[in-house]
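Asks: can you look at this prediction? I've put the sequence above it.
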Amino acid sequence: MMTPILLLTLLAQAPPEGLGRGWLGEFDLASRQLLQLAEATPAEQFKYSPSPGTRTTAQLYMHVAIGNYFLLNQAGAKTGGPNWSDKIERDTESKISSKAEVIKWLSQSFAAVKEAYPTIDGNKQANFLGKPGPASNVLLRILVHNHEHMGQAIAYARSSGVKPPWSGK
């Protein structure tokens, strides 16, 4: 049960734009915060990894970007266009490591999702990782994947001394 003080504190704060506003609103929120966090992270921290064998900060953001393209493809999105990368190779996640390039990939992948989302029929059958299902399930995976890795990016940032820009603490 929420205490009256906690409830008043929550009601006094304006919720982030997009929160509770459906799929696209939630995607906008996650993509905006991921970009803000990437931009707030110093370039040298893009080489940071919390432990051996884990992704670096750059690899984490590249994983999100590449995942967006892969999942759009799985959902049946039309590929191509100014925000669609045709340069994804097996080693792209580890090959792109500069802050500027990583942010460019991340931004373009978010723009590709926003362009493709309204064109995808969520009821149409898709083939996700070899299993049939509605495209809406793959679209949900895009949203979950971005939020999942935002949590990871926040942990990376905080452990290397970077405060999320939207955070009060």
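Replies: That came through, no problem. Bear in mind the structure is a predicted one, so any value in this text is a computation, not a measurement. Residues are numbered from 1 along each chain as shown.
Asks: for the protein, which helix is longest?
Replies: Ranked by residue count and defined by DSSP state H, the top helix of the chain is helix 135-159.
Asks: how about the host helix or strand of Leu37: buried residues?
Replies: Following DSSP states H and E, one finds Leu37 within helix 22-40. Of all the residues in helix 22-40, those buried under the rule 16 or more other CB atoms under 10 Å are Glu26, Phe27, Asp28, Leu29, Ala30, Ser31, Gln33, Leu34, Leu35, Leu37, Ala38. In short, each C-beta sits where N, CA and C put it, glycine included.
Asks: ok, stretch 82-97 next?
Replies: Here stretch 82-97 shows Asn83, Trp84, Ser85, Ile88, Thr92, Glu93, Ile96, Ser97 as buried, counting by 16+ other CB under 10 Å.
Asks: now stretch 133-149
Replies: Buried residues in stretch 133-149, counting neighbours by 16+ other CB under 10 Å, are found at Pro134, Ala135, Ser136, Val138, Leu139, Arg141, Ile142, Leu143, His145, Asn146, His149.
Asks: can I assume the second one is in contact with Ala126?
Replies: Yes. Distance between Ala135 and Ala126: 4.3 Å, which falls inside the contact criterion (CB atoms under 8 Å).
Asks: between these two, which contacts overlap?
Replies: Residues within reach of Ala135 and of Ala126 at once, by CB atoms under 8 Å, 6 or more residues apart in numbering, are Ala75, Gly76.
Asks: dihedrals phi and psi, the nearest residue to Gly80 once chain neighbours are set aside?
Replies: With sequence-adjacent residues excluded and distances taken as CB to CB, 6 or more residues apart in numbering, Gly80 is closest to Asp86, at 7.8 Å. In terms of degrees, to the nearest 10, the main-chain angles of Asp86 are phi -110, psi 20.
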